[in-house]
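*Asks:* no sequence for this one, just the structure:
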């Protein structure tokens, strides 16, 4: 049963998880930020950002003390259409020559029960900063089967308004408010790993 499967996974994660705060480094090869927008009400296009780096400090005993810092190289935006990607990188949108990175820094973490967290933080895009609230689900906290080091994974969701982040061209004909989906994998670095 799905509910029992989720419950069992959470129990196993809790049993494995270290009893102290651990700092994990984000794996840019297995971390993505996905977005979807309506193109003039005709089609719904999905894109993603890759190459994301940063760190997660997570304490299962005190999740409210956790912290996240992430850097998104906005030039690494992919929609499957090269002309659109080039336009998104231009001064009309992210202006990557002047602002090559977006950054997220958490300011508060609130446990919401059953492996869920509400993470509030500051998102910096171009020269603007806005508060963002992420609804986060802990996928797993376990030994990575390949590296044999402690690893952790999360999925998160939020909604953002482009016009509040300086990338609002063509709004509202092209969606202003975008659903955002994030998946993150992170591991303890080799030199800091315990027993791995």
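*Replies:* Sure thing, it's come through. In this text, all values refer to a predicted model and were calculated from it rather than measured experimentally.

*Asks:* From residue 166, how far off is residue 174?
*Replies:* 15 Å (Cβ to Cβ, to the nearest Å). For the C-beta atoms, the positions are set from N, CA and C on the backbone; glycine is no exception.

*Asks:* Give the buried residues for the helix or strand hosting residue 106.
*Replies:* Using DSSP states H and E, residue 106 maps to strand 101-113. For strand 101-113, burial by neighbour count (16 or more other Cβ atoms under 10 Å) applies to 102, 104, 106, 109.

*Asks:* got a list of what the last one touches?
*Replies:* Put plainly, it is residue 109. 63, 64, 65, 66, 67, 68, 117, 118, 119, 120 (Cβ atoms under 8 Å, 6 or more residues apart in numbering).

*Asks:* do the same with the second one
*Replies:* Neighbour list for residue 104: 54, 68, 69, 70, 72, 121, 122, 123, 124, 132 [criterion: Cβ under 8 Å, 6+ apart].

*Asks:* In PyMOL, select just the buried ones from those.
*Replies:* Those of the contacts of residue 104 that count as buried under 16+ other Cβ under 10 Å are selected in PyMOL with:
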select buried, resi 54+68+70+72+121+123+124+132
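
*Asks:* Between the contacts of residue 104, which sits nearest residue 183?
*Replies:* Checking those against residue 183 by Cβ to Cβ gives residue 70 as the nearest, at 12.2 Å.

*Asks:* which non-adjacent residue is nearest that closest one?
*Replies:* residue 54 (3.6 Å; Cβ to Cβ, 6 or more residues apart in numbering).

*Asks:* List the buried residues in the longest strand seen in the chain.
*Replies:* For the chain, the strand with the greatest residue count under DSSP state E is strand 128-143. Buried residues in strand 128-143, defined by neighbour count with 16+ other Cβ under 10 Å: 132, 134, 136, 137, 138, 139, 140, 141, 142, 143.

*Asks:* Can you tell me how far residue 91 is from residue 167?
*Replies:* Distance from residue 91 to residue 167, by Cβ to Cβ: 11 Å.

*Asks:* Give me the more crowded residue out of those two.
*Replies:* residue 167 (21 against 12; other Cβ atoms under 10 Å).

*Asks:* how about the more buried one, phi and psi?
*Replies:* phi -130, psi 40 (degrees, to the nearest 10).
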